[in-house]
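Visitor: fold the following for me, if possible:
(2 chains)
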Number of protein chains: 2
Amino acid sequence: MPDAAIAHSPLFTNLSPDECRIVSEMMTASCYESGEAIITEGKETSSLYLLSHGTCRVRKHMGNGADQDLDTLEAGAVFGEISFFCPGPHSATVVAETRATILSLSREQFHELQRERPTAALKITLHATATLARRLRRMDEWTCALVEKGTAPEKHTEWHEFRAQLYSNWNF
Amino acid sequence: MPDAAIAHSPLFTNLSPDECRIVSEMMTASCYESGEAIITEGKETSSLYLLSHGTCRVRKHMGNGADQDLDTLEAGAVFGEISFFCPGPHSATVVAETRATILSLSREQFHELQRERPTAALKITLHATATLARRLRRMDEWTCALVEKGTAPEKHTEWHEFRAQLYSNWNF
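Guide: Model (predicted):
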């Protein structure tokens, strides 16, 4: 039986019941007590995380030194996807708010899925790609509006140069 | 023989020579005269574009009504990837600067590749995902720094609320 959180998770929406079962069997379940960190801002891990039971808080360290709660995650939430698909430090901390069960899929397990079930790996990746593309489009719109209306003119040039690099240089 | 631009393109880096040949045969070649638009800001198409020969200019319509040249693309450059993976209008216009040959891969051709060669489709998608994740991380850092240092305090709350939605709501 695949974990119920997988069937309800946005990332695994397009998988067949059989593919859900295979992914579920590959993932590693871990329990966290309330207050324990699952991923930590600035640290790197190489897994994709799915919250199966419980709730988690997303926290970010601010420039002024304080920690800010950004969001609450509930069962079915996926996190760590940016660092999973593009190795690098996490941009926020995720802490168990209640006792929480987390399913994780390591990069090695994902490589195994690619070999054994490329179609299932492709469905997960295509869904992640669409989500990242949509986020990038929305953040681009948000930042464009901010720069054009809410900042000093010298920022406009910096923004356009940054943006030109970002979209044309695939290694930027 | 696969088109030389495919072998030199960042998106197709990980394909085997055989996979390059198959993708090359699937793509449609079109010629554009200098000044002709290949994709237009605000309009939607459903293809991924690879510049095979010639150069192109990337242009964006600015809030003040003017058009701004953002960048020059050379052979091997890929564009339209955001709208390809997440249907929506293009955020910039790409115009042929010289006479240019463009190879395009429609969403239907990509679906065919998924069916026939899921591993090749997965390699392309994983590379696109890593690129989009990296861009999102960089834009997030850029915008965070701008909001914290260069904008009015009321923007900070708006940014944190937007960001919380962006990262936790997969349908946002």
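Visitor: roughly how far apart are A:Glu19 and A:Asp140?
Guide: Counting by Cβ to Cβ, to the nearest Å, the gap between A:Glu19 and A:Asp140 amounts to 33 Å. C-betas here are computed from N, CA, C, even on glycine.
Visitor: now chain A, which segments are flagged as low pLDDT?
Guide: A:1-2 (pLDDT under 70).
Visitor: try 50 this time
Guide: Within chain A, no stretch has pLDDT under 50.
Visitor: hey, where'd the strands end up in chain A?
Guide: Taking DSSP state E as the criterion, chain A carries its strands at A:28-32, A:37-39, A:47-53, A:56-61, A:67-73, A:78-79, A:93-96, A:100-106.
Visitor: so which of these comes closest to chain B?
Guide: Across those, the minimum distance to chain B, taken as Cβ to the nearest Cβ, is reached by strand A:67-73, at 4.3 Å.
Visitor: off-centre distance for the closest one?
Guide: Strand A:67-73 has its C-alpha centroid displaced from the chain centroid by 14 Å (Cα atoms, centre = their mean, to the nearest Å).
Visitor: can you give the strand pairings for that strand, parallel or anti for each?
Guide: Paired strands of strand A:67-73, with direction, are strand A:56-61 (antiparallel) (DSSP bridges).
Visitor: neighbouring contacts of the strand it pairs with?
Guide: For strand A:56-61, the external contacting residues (Cβ atoms under 8 Å, 6 or more residues apart in numbering or on different chains) are A:38, A:41-42, A:67-73, A:77, A:79, A:91-97, A:100, B:164, B:167-168.
Visitor: adding mean neighbour count, write the strands of chain A out as JSON lines.
Guide: Listed next are the strands of chain A as JSON lines, based on neighbours: other Cβ atoms under 10 Å in any protein chain shown:
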{"stretch": "strand A:28-32", "mean neighbour count": "14"}
{"stretch": "strand A:37-39", "mean neighbour count": "20"}
{"stretch": "strand A:47-53", "mean neighbour count": "23"}
{"stretch": "strand A:56-61", "mean neighbour count": "20"}
{"stretch": "strand A:67-73", "mean neighbour count": "17"}
{"stretch": "strand A:78-79", "mean neighbour count": "24"}
{"stretch": "strand A:93-96", "mean neighbour count": "22"}
{"stretch": "strand A:100-106", "mean neighbour count": "21"}
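Visitor: any chance of those in a markdown table, with distance to B:Leu146 too?
Guide: Below are those laid out as a markdown table (distance: least, Cβ to Cβ, whole Å):
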| stretch | distance to B:Leu146 |
| --- | --- |
| strand A:28-32 | 34 |
| strand A:37-39 | 25 |
| strand A:47-53 | 29 |
| strand A:56-61 | 16 |
| strand A:67-73 | 17 |
| strand A:78-79 | 25 |
| strand A:93-96 | 22 |
| strand A:100-106 | 33 |
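Visitor: nearest to B:Phe172, of those?
Guide: Judged by Cβ to Cβ, the one of those that comes nearest to B:Phe172 is strand A:67-73, at 11.4 Å.
Visitor: could you give the angle of the closest one to strand A:47-53?
Guide: Orientation check (axes from the mean of the first three to the mean of the last three Cα atoms, to 10 degrees): strand A:67-73 against strand A:47-53 gives 70 degrees.
Visitor: quick check: angle from strand A:67-73 to strand A:100-106?
Guide: Using the same axes, to 10 degrees, the inter-axis angle of strand A:67-73 relative to strand A:100-106 is 90 degrees.
Visitor: bridging residues for A:His61?
Guide: The residues paired with A:His61 through beta bridges, assigned by DSSP bridges, are A:Asp67.
Visitor: brain fart, A:Ala100
Guide: Each beta-bridge partner of A:Ala100 is listed here: A:Tyr32, as defined by DSSP bridges.
Visitor: ok, it to A:Gly80 distance?
Guide: 14 Å.
Visitor: ditto for A:Gly42
Guide: 14 Å.
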